[in-house]
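[1] Dropping the sequence and predicted coords here.
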Amino acid sequence: MRRRKQVPAWLTPASEPWFPDPSLFDREGLVAVGGDLEPARLLLAYSRGIFPWYSEGVPPLWWSPDPRALLTPRALHVSRSLSRTLRRGGFLLSWNRCFRRVMTECGERRAEGTWVLPEMLDAYTRLHELGAAHSLEVWCGGELAGGIYGVQVGALFAAESMFHVRSNMSKVALVALVRTLFAAGVELLDVQFVTPHLATMGAFEVSRAEYLQRLPAACAGRVSLAAVVPDPFAGTDAPRARGH
């Protein structure tokens with residue numbers, strides 16, 4: 001018997017944070033509309049396997065698609081050319097040095113439009129100030145050449161977006177992020193969707209059911225990312241890139 005499609009919940013701004021069970025919804029995964037971007041609601045959303053994604057002129061839309069995309073150190077694919085880039089160095093890595101700028105760059109470099117709206121930028125900056133959102137930056141010649149940012153809940157890290165202005169620097173950021181986070185104790189690295197770019201890096205799909213099953217244990221973990229030192233070779237025997 002075909003299951004009846006669940007209607008997305010309507011959330012009232014400034015109401016008590018709440019979300020319906022994502023497993024009740026179709027594979028597209030729109031579970032709720034409205035609400036606000038206060039830290040408590042955002043963190044509850046990520047802990048329930050939900051994230052906001054919407055365009056200018058519409059209320060917040062909250063999603064939990066099926067399937068979900070993950071990355072692990074074991075699955076991470078570093079091509080020969082990227083490996084040479086990592087070994088050659090010529091770049092510096094930093095952690096939480098300019099979160100808002102990284103997020104801004106991610107939003108500005110989207111030909112198809114951006115979901116990094118001013119209210120999103122302010123909301124995630126607040127999460128960053130609370131220690132629940134982090135950025136990894138790649139610098140070349142003193143200039144910001146690439147970066148990535150995401151949200152942390154316990155041992156879950158939900159990567160949101162990345163950018164580059166120099167070739168391969170978003171890939172360097174992603175490799176550094178994966179190896180650094182898991183070395184610090186992160187257990188679940190969510191990248192939302194397997195895009196063609198992420199597929200080349202080893203991202204893989206799991207069902208939403210499996211993702212939701214793994215999520216509570218990861219969110220209950222205790223991991224501090226306040227003072228990690230990003231290293232593209234963390235957890236390996238390879239030499240560190242020059243410039244570190």
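    Okay, I see it. Residues are numbered from 1 along each chain as shown.

[2] Skip the chain neighbours and tell me the closest residue to F204.
    Leaving aside its sequence neighbours, F204 sits nearest to A75 (Cβ to Cβ, 6 or more residues apart in numbering; 5.6 Å). Just so you know, the C-beta spots here come from the backbone N, C-alpha and C atoms, and that holds for glycine as well.

[3] Now do the phi/psi pair for L11.
    phi -110, psi 130 (degrees, to the nearest 10).

[4] hmm, back to that, what number of residues lie near the residue nearest to F204?
    When neighbours are counted by other Cβ atoms under 10 Å, A75 registers 13.

[5] thought it was touching V206?
    No. Here A75 does not reach V206: they are 11.1 Å apart, not a contact under Cβ atoms under 8 Å.

[6] so what's the spatially most central residue of the chain bridging to?
    Nearest to the geometric centre of the chain sits A159, at 0.8 Å (Cα atoms, centre = their mean). Judged by DSSP bridges, the bridge partners of A159 are G150.

[7] Just the C-alphas of the longest helix belonging to the chain, formatted as CSV.
    Across the chain, the helix with the greatest residue count (assigned by DSSP state H) is helix 169-184. Once non-C-alpha atoms are left out, helix 169-184 reads as follows in CSV (Å, rounded to 0.1, in the frame of the first residue of the first chain):
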residue,chain,number,x,y,z
MET,A,169,42.3,24.8,-3.0
SER,A,170,38.8,23.7,-2.2
LYS,A,171,40.0,20.1,-2.6
VAL,A,172,42.9,20.9,-0.2
ALA,A,173,40.4,22.3,2.2
LEU,A,174,38.2,19.2,2.0
VAL,A,175,41.1,16.8,2.5
ALA,A,176,42.4,18.8,5.5
LEU,A,177,38.9,18.9,6.9
VAL,A,178,38.2,15.2,6.7
ARG,A,179,41.6,14.1,8.2
THR,A,180,41.6,16.8,10.9
LEU,A,181,38.0,16.2,12.1
PHE,A,182,38.3,12.5,12.4
ALA,A,183,41.7,12.8,14.1
ALA,A,184,39.9,15.1,16.6
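
[8] List the buried residues of stretch 34-48.
    For stretch 34-48, the neighbour count (16 or more other Cβ atoms under 10 Å) marks 34-37, 39, 41-48 as buried.

[9] Ok, stretch 67-87 next?
    P67, R68, A69, L70, L71, P73, L76, V78, L82, T85, L86.

[10] Extract the CA atoms of it and return them as CSV.
    Output of stretch 67-87 as CSV, limited to C-alpha atoms (Å, rounded to 0.1, in the frame of the first residue of the first chain):
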residue,chain,number,x,y,z
PRO,A,67,19.7,9.5,0.6
ARG,A,68,22.3,11.4,2.6
ALA,A,69,26.0,11.9,1.7
LEU,A,70,28.9,11.2,3.9
LEU,A,71,32.7,11.3,3.8
THR,A,72,35.2,9.3,5.9
PRO,A,73,39.0,9.1,5.9
ARG,A,74,38.8,5.5,4.5
ALA,A,75,36.5,6.6,1.6
LEU,A,76,38.4,9.9,0.9
HIS,A,77,40.0,9.8,-2.6
VAL,A,78,43.1,11.8,-3.1
SER,A,79,44.1,11.7,-6.8
ARG,A,80,47.8,11.6,-7.8
SER,A,81,47.7,15.3,-8.9
LEU,A,82,46.1,16.4,-5.6
SER,A,83,48.6,14.3,-3.7
ARG,A,84,51.4,16.2,-5.5
THR,A,85,49.7,19.5,-4.6
LEU,A,86,49.5,18.5,-0.9
ARG,A,87,53.2,17.4,-0.9
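
[11] Please consider this matter closed, and thank you.
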